[in-house]
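[1] Quick one, what's the 3D model for this:
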Amino acid sequence: MLQLECPCDCHDVSTHCARYRAHVDPVERRHHARGPHLATRRCQQNPVPAILEYLPYRKRDGTYERDALTHPYLAGHGYAGVRVDLRGCGESSGLLSDEYAKQEQDDGVEVIAWLAAQPWCSGVVGMMGISWGGFNGLQIAARRPPALKAIVTICSTDDRYADDVHYMGGTLLAADGLGWGSFLFGSMCLPPDPMLVGDRWRAMWLERLENVPLFFELWLRHQRRDAYWKHGSVCEDYAAIQCPVYAVGGWTDAYKNAIPRLLERLTVPRKGLIGPWAHGYPHFARPGPQIGFLQEMLRWWDYWLKGIDTGVMDEPMLRAWITESVKPASRHETLPGRWVAEPSWPPPGTTPQRLFLTDEGLRNEAAHFTARSLCSSQTVGKCSGSWVPFGLGHDQAGDQREDDTRSLIFETPPLDAPIEILGGAIVTLELASDRPMANLVVRLCDVHPSGESLRVSYGVLNLAHRDGHEKPALLAAGQPYPVRIQLNDAGSVFPAGHRVRLAMSTAYWPMIWPAPEPATLLISGGTLELPVREPQATDALLKPLPGPESAPPEKPTVIRRSDMRIERIDRLGLELGTHDDTKLHVEEDDPLSAVNDLRRTWTMSRDAWQIRIETLMRVPAAGKLTRVGRRGRSLPARMGSRYSARLLMIPAASNASIVDRVSLRSRQSASRDRQDSDGDQPRRSGPRWRIDYFAGATSLTGVPSTSGFSPCVLASFRSRSMTPARCSCLIRASCAFFCSAKNL
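    Okay, the predicted model is just below:
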């Protein structure tokens, strides 16, 4: 058994060694004098390359199911599979300040150098990861650590503003963006496992609770594409990446647009793979068909990390799935289609086909067009599905007919021959608005002879961002503007007998936050450009991809307790509970009625050790807020005492100056606390908070300056273990648009 230390005092690392094939023995753990430790399995005598996955999602109890399929498999084929909790996550100490911070990259560079220096490592390292792990794989590659020889980036992006879960086309992503902010906040409040970190767990946990930021507030501070978003966006300098890149994604997922851009603009050896999948690894993602992605990664790693000629670089640059037309549904187990390949991007065999908006619909030639008005109900978007589907529930776009009937539509006659597209369709319009701010949503649909409408792709634009996301400009009432919207990339077939439909709306709830007031657009002309790909004889010659393989799964025991879903990881004796309650509402004709309530409950328990976290975020369109000051001290980490806090809920109101004070006192003052119900003027000395509030900042994103977001953050925890003493805390805060939660 090797005993290994992490280079930083902030990371917990686990390694699957190369001796074991599709099986993981129980981990023997040894304590060291400093810092977190590396848990390992017995290694081979000969050094092997290391493959690093670097995430905040808690390797021990958060991603264990998917990791059990993947890392032991790689280990069984001659690699050390290494999983690292980011600083401040899982069992790693320190604090997480934000997504993709420079500290995260610095730590990653140091971890790679340390891995390469280990006696069991051959000195070369690869990085793989999905979503966050795909992001930081690209970002760390741009830092050029010498030992990093290749990466696999899955469901990721090269542009944090244009193609991530916060903004789309300059509009705020409502359901998914706020949901992600709520999830990240809650997960960062979870403690480390005492089984790994020992008695330090309580101090580590309290440090997290004292310092966890309200991430959603950080993102709302930056509603334009400024330096905040440029940091970590490798599109700012593609040439900074000097190692080979394999970019992977799925058409059902939100993160597919970066793959063609990376193939086009990187200068290093690169490959792309786009299947039918949602947000998941291709060897188990839905919709299927799943593929032997682990075998494909082995070919990549063997070539770049071991110098074995697997032929992986002799194949076309891009392999993509062309999806056949299916009946629209919010859930698909599989999507029929076929694989095609392209030697480069943009593909040489793609020809743009331009269709014109006319009085008769979409036509191949320009014809008379009478200007049309467009002012949608605020509830258009009910059929949109999630911005980022995971394919596990009913989260995909369903039949679009209900949204289509409340949109401005243009369509072709029934097609005489099929049309196959690969890439991003482009819509150009001439339009004017009667309001200074407005949103425009464009959907490309495949209309079946039965009338069913299948969404193939879509695009969104805050019209204040028509000339770019860095310097938005209000619309002048009645002035015509040229507008260009590139829709999400797609690989699809419109069969003969079907129609191509273009549907436009000024709302798309709950996917995007509404504009501050209803706007009427006047559409005076436009075109739709389809990236048509002609079928090629060479497509049939493609070597089939193998079927999925993996290590044996680790399945939890699932229990239902009331409305809580409990997963028991039998190997760890650990029970994990989750419950989400999301309420989204907007009135048909009132964008300022929009409200999003997100409540999450998390539990962790092992015998007498019990943890409970509750978070509540409420985001309504409400009044303008002004900034006030902050003061306070950190939360005391005293043992054997009982702490409590009370909450003064203050609704957001127009031009209100909001101050919320949260006071914590010892158990002895509980009765006085009950008398002092407003939390003001505490009777005993103790920590006290005043939360920062900021005014509505720029209104150019579609978030009105007279609209205040009011996320209310509640976190409660209770622990009983490690000592006979009981410690319970309740922390609550009422937070408004651009609030600061540094002291929570």
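
[2] Work out which residue lies at the spatial centre of this protein.
    Nearest to the mean C-alpha position of the chain, by C-alpha atoms, centre = their mean, lies residue 165 at 5.1 Å.

[3] Figure out how far the longest strand along the chain is from the centre of its chain.
    Using DSSP state E, we find that the single longest strand of the chain is strand 590-606. Averaging C-alpha positions (C-alpha atoms, centre = their mean, to the nearest Å) puts strand 590-606 17 Å from its chain's average.

[4] Which SSE is immediately downstream of that strand?
    Going down the chain from strand 590-606, the next helix or strand is strand 609-620, by DSSP states H and E.

[5] now the helix ranked longest in the chain: how far from the chain's centre is it?
    The longest helix of the chain (DSSP state H) is helix 102-117. From the chain centre to the centre of helix 102-117 is a distance of 23 Å (C-alpha atoms, centre = their mean).

[6] re earlier: quick one: list the elements packing against the longest strand of the chain.
    In terms of contacts (3 or more C-beta pairs under 8 Å, 6 or more residues apart in numbering; DSSP states H and E), strand 590-606 is packed against helix 175-188, strand 564-569, strand 574-587, strand 609-620. Using the backbone N, CA and C atoms, a C-beta is placed for each residue, glycine as well.

[7] buried set for the longest helix of the chain?
    For helix 102-117, the neighbour count (16 or more other C-beta atoms under 10 Å) marks 103, 104, 105, 107, 108, 109, 111, 112, 114, 115, 116 as buried.

[8] what sits against the second one?
    This means residue 104. For residue 104, the contacting residues are 86, 87, 96, 136, by C-beta atoms under 8 Å, 6 or more residues apart in numbering.

[9] of the residues you listed, closest to residue 405?
    residue 136 (43.3 Å; C-beta to C-beta).

[10] mind checking how far the closest one is from residue 490?
    27 Å (C-beta to C-beta, to the nearest Å).

[11] How about residue 114?
    42 Å.

[12] circling back to that earlier point, out of the helices and strands packed on strand 590-606, nearest to residue 369?
    So among the helices and strands packed on strand 590-606, strand 574-587 is nearest, using C-beta to C-beta, at 31.7 Å.

[13] Return the backbone torsion pair for residue 378.
    Backbone torsions of residue 378, given as degrees, to the nearest 10, read phi -70, psi -10.

[14] what's the answer for the one 4 residues further on, then?
    When read as degrees, to the nearest 10, the backbone of residue 382 gives phi -60, psi -30.

[15] just residue 514 next, same as before
    The phi/psi pair for residue 514 (degrees, to the nearest 10) is phi -70, psi 160.

[16] ok, now which ones touch the closest residue to it other than its chain neighbours?
    Once flanking residues are discounted, residue 514 sits nearest to residue 591: 3.4 Å by C-beta to C-beta, 6 or more residues apart in numbering. By C-beta under 8 Å, 6+ apart, residue 591 lies in contact with 378, 507, 514, 515, 516, 517, 518, 621.

[17] ok, residue 284 to residue 130 distance?
    Applying C-beta to C-beta to residue 284 and residue 130 gives a distance of 11 Å.

[18] between the two, who's got more neighbours?
    It is residue 130, of residue 284 and residue 130, that has more neighbours when counted by other C-beta atoms under 10 Å, with 28 against 18.

[19] How about the contacts made by that one?
    With C-beta under 8 Å, 6+ apart, residue 130 has these contacts: 154, 155, 156, 279, 280, 281.

[20] Verify the stated contact: residue 214 with residue 182.
    No. Residue 214 lies out of contact with residue 182 (C-beta atoms under 8 Å); the separation is 9.9 Å.

[21] Can you spell out which helices and strands pack onto the helix or strand hosting residue 259?
    Counting by DSSP H and E, the element that carries residue 259 is helix 258-265. Here helix 258-265 touches strand 245-250, strand 270-275, strand 318-323, going by 3+ C-beta pairs under 8 Å, 6+ apart.

[22] where do the helices sit along the stretch 51-200 of the chain?
    64-75, 102-117, 132-141, 175-188, 194-197 (DSSP state H, counting those that start in this stretch).

[23] right, so of those, which gets closest to residue 333?
    Here helix 64-75 is closest among these (C-beta to C-beta), at 18.7 Å.

[24] could you give the angle of the closest one to strand 564-569?
    Angle, helix 64-75 to strand 564-569, by axes from the mean of the first three to the mean of the last three C-alpha atoms, to 10 degrees: 30 degrees.

[25] by contact count, what packs against helix 64-75?
    strand 13-16, strand 48-55, strand 80-85, helix 293-305.

[26] mind running it again at 10 Å?
    Packing partners of helix 64-75 (3 or more C-beta pairs under 10 Å, 6 or more residues apart in numbering; DSSP states H and E): strand 13-16, strand 48-55, strand 80-85, strand 121-130, helix 293-305, strand 564-569.

[27] With mean pLDDT added, can I get these in TSV?
    Below are the helices and strands packed on helix 64-75 laid out as TSV (pLDDT from 0 to 100):
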stretch	mean pLDDT
strand 13-16	58
strand 48-55	98
strand 80-85	97
strand 121-130	98
helix 293-305	98
strand 564-569	94
